[in-house]
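Colleague: Everything below, folded, please.
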Amino acid sequence: MAAAQALSDRGLSHIPTDYIRPPGERPEVAHDSFSQQHNIPVIDISEASEGYGHRMLVREDQVLDWRDYFDHHTFPLTRRNPENWPLNPPAYRQTIKEYSEHMKLLAQRLLSLISESLGLKPSYIQDAIGELYQNISLNYYPPCPQPELTLGLQSHSDLGAITLLLQDDVGGLQVSVDGSWFAVQPVPGALVVNLADQVQILSNGRYKSIEHRAVVNRNKSRISIATFYDPAKEVVISPASELVGSDHPAKYKHVLFGDHVSAWYQKGPDGKKVLDSLSVK
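Modeller: Predicted coordinates for the structure are as follows:
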């Protein structure tokens, strides 16, 4: 199947069937009209394969997302190989290196604040995660002739600890709040902070990973850059012992992060069902 950009460039009037989502998963309206808005708090703090792709899951029967992307391994340095990154524009590789450093420091600062807000030592979440595994995904959503039938990115919560998202001014990100979808308007100069599954487990459910998706539109392309801060696949994550007691029993099972990743990519995220399967009944 051709990439989304190639299909868009052909000027098709209808999208291929591989991109058409089941009726219950389609956006209610095309993104051109931006249905519901939601006030997202703005705070002023002044293992995906690497390379080019357009298929998120490993299942052959998956419905495709109207998206192309470049994915880069940036940390640990043993995974970083700039030779796999584009040569053009000339400053691209150096820019990715510098951007990854800044995003690493910001993610660590935010996780320290989250740990403290839970009554834990500032380094708790970082210690639990262990060595940082950081990926940077540059996403391109081309114009789509039938945006009401597909999604730029299917509904899911992120796998790791925290995701920092840089959007352009087009918009397309939506979050699920109490079962309804709300558009997240881009704020110039701001990053969107998505808490991911491992923070929900570590906090014993006090913090929730956010279910989100991306919609597309007929007339404008969109670009976003997502930086993922994840544990190594060998790390076991469980609720913090300090947050578990007779009044607050553990809500989640221990999970090997690599198993969580495998289930997500093989079964499909289907919202937060992979995380929900770890709930203690």
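
Colleague: what separates the residue most central in space within the chain from Arg218, distance-wise?
Modeller: Compute the mean C-alpha point of the chain, and by Cα atoms, centre = their mean the closest residue is Asp158, 4.5 Å away. In this view, Asp158 and Arg218 are 28 Å apart by Cβ to Cβ, to the nearest Å. (Glycine included, C-beta is placed from N, CA and C.)

Colleague: returning to what we had before: tell me the secondary structure for the residue nearest to the centre of the chain?
Modeller: coil (DSSP: H, G, I helix; E, B strand; the rest coil).

Colleague: Does it touch Ala196 like I think?
Modeller: Yes - look at Asp158 against Ala196 with Cβ atoms under 8 Å: they come within range, at 3.7 Å.

Colleague: got any residues that touch both of these two?
Modeller: Common neighbours of Asp158 and Ala196 (criterion: Cβ atoms under 8 Å, 6 or more residues apart in numbering): Ser209, Phe228.

Colleague: now the helices for the protein?
Modeller: 4-9, 92-117, 124-129, 197-202, 257-267, 273-276 (DSSP state H).

Colleague: Deepest-packed of these, please.
Modeller: Mean neighbour count (mean count of other Cβ atoms under 10 Å) peaks for helix 197-202 among the helices of the chain, with a mean of 26.

Colleague: excluding its backbone neighbours, what's nearest Val184?
Modeller: Nearest residue to Val184, sequence neighbours excluded (Cβ to Cβ, 6 or more residues apart in numbering): Leu173, at 4.4 Å.

Colleague: what's the nearest residue to Tyr99 if we skip its chain neighbours?
Modeller: Ile136 (7.1 Å).

Colleague: Dig out what that neighbour forms beta bridges with.
Modeller: Assessed by DSSP bridges, Ile136 has beta-bridge partners His72, Thr227.

Colleague: Who are the contact partners of it?
Modeller: Residues near Ile136 by Cβ under 8 Å, 6+ apart: Asp71, His72, Thr74, Ile96, Tyr99, Ser100, Met103, Ile225, Ala226, Thr227, Phe228.
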